[in-house]
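S.K.: Show me how the following folds:
(one chain, ligands or ions: 1)
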Amino acid sequence: MQLNVLTLPGDGIGTEVTREAVKVLEKTASKFGHGLKLSEGLLGGIAIHKTGTPFPDETARLALDADATLMGAVGLPEFDNMPPEKRPEKGLLGIRKILGVYANLRPVKAYPALIESSPLKNNIVEGVDMIIVRELNGGIYYGQPRGIEGSGESERGTNTMTYTRAEIARITRMAFHLARNRRKKVTSVDKSNVLETSQLWRRVVNEVAPEFPDVELEHLLVDNCAMQLILRPKQFDVVVMENMFGDILSDEGAVLAGSIGMLPSASIGEKKASGAWVGLYEPVHGSAPDIAGQNRANPLGAIGSVAAMLEYSFGLVKEAAAVNKAVEDVLNSGQVTADLKPKSKPATTSEVGDAVANAI
Ligand code: NAD
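M.R.: Numbering: from 1, shown residues only. Sure thing, here's the model as predicted:
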């Protein structure tokens, strides 16, 4: 297979972890006999420096040409006081929009070697293996009307949570498709005891579910879900929810996995004619200015994003499993970065990348 991949390393540790992820992608492609065509584009602070905008037209063109995009992270402290339009993070919204990615997938897995890194008790974290599926294009982050108006005591802020049947149905189908290749259970999260959008959400999920008779469906209220993720996280397989609930609950995943540096993510759009899903893959973490340039960042979230890309955009399930297995082997060997609190001297970013590539 020919893999046509765009990389957008971005800022700070984004460049460092992307370098290691590419190393692993190159090794996997050569090991399994696939062709790899890599291109690189500018996004975020580095793009502002070089072109004056966080999301240059050339980057948009490269992303539309590629089969899949691998991103590092964006954000530089020097832009912290700039208006949103002029900040590197604006580039993120730009790339998500142009690719039309509507489902954000965050796999959360508790690796045995990292069990001590989670603040939760071992017996709660052991065996956790779930995917949180967050709707990315709708809900209260985009709904109109919005804004702040008036003054004095009557000054009022407004946001609108809104979902269409079509938006709910497509994210629901995505969740069920994923569950089919896993433990065949979907948990749909809502607040249907209070919100009309959630009542529609639950109704549409129930209507779609019979298309997947082999998959079990349960509904959970969002407040209960927040508690269950910490109390009994092993019960979850695929958990699907609207945009803001997903934004908030998916951060609980970092607690389960032991370090934010471990978490990969995949943002998926429509299926192309080739059958592959349009996809944008990135670690969950940001540009971490506090450790940038020191070769200390954990590259495993970025490397896990390569595994997600192989599986979702290219359908290369065996190759994805090989990357995940290599990550697990390296974790078991104890050769890990400082954030995972190794017993001996911490490994550098590039040492961990080399070790994973060698283990493929
Ligand atoms: P962050 O994720 O960059 O860092 C939070 C903490 O986690 C820091 O202490 C950092 O050192 C640590 N950390 C993060 N990734 C790590 C890794 N791979 N290995 C080891 N330690 C790691 O979040 P922040 O500090 O809130 O944000 C920094 C910048 O990144 C900001 O400009 C923010 O807007 C941006 N950001 C970008 C994205 C993205 O590009 N998707 C996501 C979040 C934040």
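S.K.: what residues does the stretch 201-350 of the chain put near the ligand?
M.R.: In this structure, the stretch 201-350 of the chain approaches the ligand at residues 260-261, 282, 285-291, 297-298, 301, 339, judged by C-beta under 6 Å from any ligand atom. For the C-beta atoms, the positions are set from N, CA and C on the backbone; glycine is no exception.
S.K.: Using neighbour counts, trim the residues you listed to the buried set.
M.R.: Listed as buried from those are 260, 261, 282, 285, 286, 287, 288, 291, 297, 298, 301, 339; burial here means 16 or more other C-beta atoms under 10 Å.
S.K.: okay if I get those as CSV plus secondary structure and pLDDT?
M.R.: Converted to CSV, those look like this (DSSP: H, G, I helix; E, B strand; the rest coil; pLDDT from 0 to 100):
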residue, secondary structure, pLDDT
260, helix, 88
261, helix, 92
282, strand, 96
285, coil, 92
286, coil, 94
287, coil, 97
288, coil, 97
291, coil, 97
297, coil, 98
298, coil, 97
301, helix, 96
339, helix, 91
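S.K.: lowest-confidence helix or strand of this structure?
M.R.: helix 252-257 (a mean of 84; mean pLDDT, DSSP states H and E).
S.K.: Note down every partner strand of whatever helix or strand comes next after that helix and its orientation.
M.R.: Heading C-terminal from helix 252-257, the first helix or strand you meet, by DSSP states H and E, is strand 264-271. Partner strands for strand 264-271, per DSSP bridges, with pairing direction: strand 103-109 (antiparallel), strand 277-283 (antiparallel).
S.K.: Check which residues of strand 264-271 are buried.
M.R.: Buried, per 16+ other C-beta under 10 Å, within strand 264-271: 264, 265, 266, 267, 268, 269.
S.K.: which one of the buried ones among the residues of the stretch 201-350 of the chain next to the ligand sits closest to residue 254?
M.R.: residue 260 (4.5 Å; C-beta to C-beta).
S.K.: Give me the distance between that closest one and residue 239.
M.R.: 19 Å (C-beta to C-beta, to the nearest Å).
S.K.: and if you look at residue 48?
M.R.: The value you get for residue 48 to residue 239, if C-beta to C-beta is used, is 36 Å.
S.K.: same check, this time on residue 25
M.R.: For residue 25 relative to residue 239 (C-beta to C-beta), the value is 28 Å.
S.K.: Comparing those two, which residue is more hemmed in?
M.R.: Neighbour totals were compared for residue 25 and residue 239, and residue 239 leads with 31 against 28 (other C-beta atoms under 10 Å).
S.K.: how about the residues of the stretch 51-200 of the chain near the ligand?
M.R.: So the stretch 51-200 of the chain meets the ligand at 73, 74, 75, 89, 92 (C-beta under 6 Å from any ligand atom).
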